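> give me a model of this one.
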Amino acid sequence: MKLSKIVIAAAVVAAGASSVTTSAFAQAKEQFFPLLSYRTGPYAPNGVPWANGKQDYIKMINARDGGINGVKLTFEECETGYATDRGVECYERLKSRPGVTLFDPQATGITFALTEKAPVDKIPLMTLGYGLSVAQDGMAFKWNFPFMGSYWTGADILIQHLGKANGGLEKLKGKKIALVYHDSPFGKEPIPLLQERAKMHGFELQMLPVTAPGVEQKATWLQVRQSRPDYVLLWGWGVMNSTALKEAQATGYPRDKMYGVWWAGAEPDVRDVGEGAKGYNALALNTSGQSPKVIQDILKHVHEKGQGTGPKDEVGSVLYTRGVIIQMLAVEAVRRAQERFGKGKVMTGEQVRWGMENLNLDQKKLDAMGFAGVMRPLSTSCADHMGSTWARVHTWDGSKWNFSSDWYQADEQILKPMIKAGADKYLADKKMTRRDAADCQS
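Numbering: from 1, shown residues only. Next up, the predicted model:
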């Protein structure tokens, strides 16, 4: 597969990016970030700002800080089109680059495919807000890091929110909740949690798969119109989301009874629908807007110098900001690893994995880094590879997103037994065993 684009950070551009060789990377002692992306196809409207946010954060760290304790950052982007086979090919092509840090697959399907490869290659996977829900269990999944939430935590929080809106979870008994989902590993992932909650609270769960990419949904929304669910949960991505909102409008289903996952709650999902999406709700992992200091620093050190990856008015949008957060966590994992293995040194994948497992970003640290109000604090451990299970709801008013709930935390009493059972089954199927306490120090 031909790489869509090679972009080397400013630190090495002057030396001639196109001619940088493997030995040059090694000699330069640079930390390399492979960036899987999708700038083409039906998922591009969502994938582009996400990818741009990651690139701009790397550029900002190089320009503002000179890298991480003097170690310059480089990156290379590889186009996947959201396709699993292309994602695996990108991984195979980039995994051997000197100074490789970690992979953010940007797709649940690609994550599934790489989960068995990562332990062999000793390269961690960051899957912020997506991927395998059971990978929160770090004793079973040493190399997977679903930072900030999974589809189980997201589904759990949505049910909590609906319970609160109805005066208590017990009031959901007899209600009908439809899950309109992308017929892929991504869309299927929340089903076990929703089934468990349905048993607990007595609501009927109707599952309505949508064939990827989701541009044809008329049959699905005919079913919605016929069954008249009390609520629709939208587990979509890319063009599927705006299509769902347009079909809901056409069939008269109230948008204020629709709740999307955090990948169905950004500007590209609602912009083309405008007033027709008014009242639509979705989960949010982060804020948006250009007021946070980190966003101002990106504008100052990157965009004002003509080095921005995308348009300036995109900076600070929901998915752009999420890309910034993802890259910040990757940078901080390297920084944390350097504290143990040597400041000013390039970290290996194994060392970065340790850094990811030992993050402690409290509010004071987030504020100092310019992320005040952008996200919740995050703290990981050997046992917990997620670090935070909080989210809130925001609502589209026809022109912008507004927060419409306080923060919710996923119910660990429900999740922990499910995660352990799922992780144990995975290990048994793969004939693998759990890590022991001594391994947590490695």
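> got a list of what the residue nearest to Lys420 when sequence neighbours are not counted touches?
Nearest residue to Lys420 in three dimensions, chain neighbours excluded: Asp137, at 6.4 Å (CB to CB, 6 or more residues apart in numbering). C-beta: built from backbone N, CA, C; applies to glycine. By CB atoms under 8 Å, 6 or more residues apart in numbering, the contact list for Asp137 reads 383, 385, 419-420, 423.
> got these as a markdown table, with secondary structure, distance to Ala284 and pLDDT columns?
Putting those into a markdown table (DSSP: H, G, I helix; E, B strand; the rest coil; distance: CB to CB, whole Å; pLDDT from 0 to 100) gives the following:
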| residue | secondary structure | distance to Ala284 | pLDDT |
| --- | --- | --- | --- |
| Ala383 | coil | 27 | 96 |
| His385 | coil | 22 | 98 |
| Ile419 | helix | 23 | 98 |
| Lys420 | helix | 28 | 97 |
| Ala423 | helix | 28 | 97 |
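> residues of stretch 295-304 that come out buried?
Neighbour-count burial for stretch 295-304 flags 295, 297-299, 301-303 (criterion: 16 or more other CB atoms under 10 Å).
> nope, stretch 60-70 is what I was after
Buried residues in stretch 60-70 (16+ other CB under 10 Å): 60-63, 67-68.
> avg pLDDT for it?
Mean pLDDT, computed over stretch 60-70, is 98.
> now stretch 99-119
96.
> next one: stretch 317-329
Mean predicted confidence for stretch 317-329 is 98.
> which ones among the buried residues of stretch 295-304 lie within helices?
295, 297-299, 301 (DSSP state H).
> now render those residues as a markdown table, adding distance to Ala118.
Converted to a markdown table, those look like this (distance: CB to CB, whole Å):
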| residue | distance to Ala118 |
| --- | --- |
| Ile295 | 31 |
| Asp297 | 32 |
| Ile298 | 30 |
| Leu299 | 35 |
| His301 | 32 |
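> quick revisit: make TSV from the buried residues of stretch 295-304 and add pLDDT and distance to Asp313 to it.
Putting the buried residues of stretch 295-304 into TSV (pLDDT from 0 to 100; distance: CB to CB, whole Å) gives the following:
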residue	pLDDT	distance to Asp313
Ile295	98	12
Asp297	98	17
Ile298	98	13
Leu299	98	11
His301	98	18
Val302	98	14
His303	98	10
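> before we move on, the earlier item: report the separation between the residue nearest to Lys420 and Asn281.
Going from Asp137 to Asn281 by CB to CB, to the nearest Å gives 30 Å.
> and for Leu208?
Applying CB to CB to Leu208 and Asn281 gives a distance of 18 Å.
> can you list contacts of stretch 272-285?
By CB under 8 Å, 6+ apart, the list of residues contacting stretch 272-285 reads 128-129, 148-149, 154, 157-158, 234, 242, 245-246, 249, 254-256, 258-262, 264-265, 269-270, 318, 322, 325, 375, 391-399, 401, 403-404.
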